[in-house]
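Student: just to be clear, the model below is a prediction. Sequence and coordinates:
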Amino acid sequence: MYTAKLHSGHPDTVESPKAPPAGARLVCLRWALTALALFLLWQFLTVHYNRGGNWTALFLTGRNKPIPPELAPGTYTFSDGFDGEMYRYVAHDLLRKRGYLPYIDGPAQRYHRLLVPALAYLLVAGYQPWIDGSYIAVVAFFAFLGAYWLSRWAVLAGAHPAWALGFLAVPASVISMDRMTVDIALAAFTIAFAVYVRTGATWKLFAVLLLGCLVRETGLLLIGGVWLFDLFQRRFARVALWTLAAVPMLAWYWFIRGLFPEKTHYGAPSWFASKLGPGLFYRMFQPQKYPLPAWLDAVARAGDAVALAAILLAAILAVVLFVRARPKCPLLISAIFFTLLVFILTQRSYWTDVNGYARVLSPLLILVALPSIARDTYVPFPLWLALAPTILVTLRLGMQFTSSIAGVVRGLL
């Protein structure tokens, strides 16, 4: 209801979008199931042909860090790990009774991001042998939800429901598919946020915002969009409602602060510590070097520069959309918040690994693309330009799948 065309009367009144045709939700469901099937198919193929059938390979556990003794025997390991292994440990030790705290880097921060590990634990009632499978299923479920909500957004806008498949190209989806990070959940909730803002489904929107904040702290930027919009409209009851959506997250953070020793609190302030200006610009012109043959190193570094330029392009497009939109809408206010994040994350090391910044900023890429998919009247640029940041970042991520794809092809042949 916030982004539809204005009535000719009161400037603060907006029309609700036309109801989708009968059976549209079932069509969206089918496309979402297709996206889910493709998501699971890739995981099956890469685990079967590249990882000896060991599904724990999806957590990307590194040998460079100690592994809890109960999990170590069956865990597939790599020379270096990634965040998925940490959220796996949280899921196994959700109640902090198994002594996994020393194995988690920055445990306070990991436990802040509660939703995905907690769902994995609760889905199997804490039964340890099933938690890994449950975690993988939860990530897959969010792939399904994100695809479904994207399909619904497309149908509401009169576009084809096959847009559901586009969710698989969102960087957070690609990274979570291969590394079991939690960011796919917030990417899905970002699209749900857009859908329920447009349809005016207040309580569904409230639930999405509340849960999004429990995925990771950047979920607050979605709340900020509706909070500021309704504040400017002087809808104070709704402002109070959106404030309430943040309370469970804030209460949980306060609880965590007292639960863990201060020395275990990790990370976020260090990303803002540099006084040398936005680290994105530095890394765009000085990408990190890789221990690869010269030509491959050049390709990888060029890919990094392009991906960072794509993030910058998304930020610029968000500003353009915000300036042109009349009236402003919650989606674009949230997009501006994520744009500010691009420029205040100043630490150079933050922008070194595309797997890091791409998943955190996936909501920005989504919020820039959705108005163009909907063909909103204030969008001054073509659809391909709105999709370019997502495509370019995902292509850089795809470079990391080369050996895995080769392994699957060899296995199938």
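Tutor: It's in. Numbering: from 1, shown residues only.

Student: avg pLDDT for whichever strand or helix holds V393?
Tutor: V393 belongs to helix 383-398 when elements are defined using DSSP states H and E. Averaging pLDDT along helix 383-398 yields 97.

Student: quick check, T346 in a helix?
Tutor: No: read with DSSP: H, G, I helix; E, B strand; the rest coil, T346 is coil and lies in no helix.

Student: roughly how far does it sit from M180?
Tutor: Here T346 is placed at a distance of 29 Å from M180 (CB to CB, to the nearest Å). For the C-beta atoms, the positions are set from N, CA and C on the backbone; glycine is no exception.

Student: repeat that for A154.
Tutor: For A154 relative to M180 (CB to CB), the value is 28 Å.

Student: which of these two has more neighbours?
Tutor: A direct count of neighbours by other CB atoms under 10 Å for A154 and M180 places M180 higher, at 31 against 23.

Student: got the contact list for the closest residue in space to that one that isn't next to it in sequence?
Tutor: Closest residue to M180 apart from its sequence neighbours, by CB to CB, 6 or more residues apart in numbering: G84 at 3.3 Å. Neighbouring residues of G84 by CB atoms under 8 Å, 6 or more residues apart in numbering: L58, F59, L60, T61, S176, R179, M180, T181.

Student: pull the number of nearby residues for the first one.
Tutor: When counting by other CB under 10 Å, one arrives at 23 neighbours for L58.

Student: list the contacts of it.
Tutor: Residues in contact with L58, defined by CB under 8 Å, 6+ apart, are Q43, V47, G84, I136, D178, R179, M180.

Student: pick the one among those residues closest to V299.
Tutor: D178 (19.9 Å; CB to CB).

Student: skipping adjacent residues, who's closest to P380 in space?
Tutor: Using CB to CB, 6+ apart, the nearest residue to P380 is R324, at 6.0 Å.

Student: the one you found and Y378 touch, don't they?
Tutor: Yes: look at R324 against Y378 with CB atoms under 8 Å: they come within range, at 4.5 Å.

Student: of these two, who's got more company?
Tutor: Each of R324 and Y378 has its neighbours counted (other CB under 10 Å); Y378 has more, 17 against 14.

Student: in the stretch 251-400 of the chain, which spans are helices?
Tutor: 279-285, 294-324, 330-344, 354-360, 362-373, 383-398 (DSSP state H, counting those that start in this stretch).

Student: what is the mean pLDDT for the longest one?
Tutor: The reference is to helix 294-324. So the average pLDDT for helix 294-324 ends up being 95.

Student: now it: buried residues?
Tutor: Using 16 or more other CB atoms under 10 Å as the test for burial, helix 294-324 gives 300-301, 303-305, 307-315, 317-318, 320-322.
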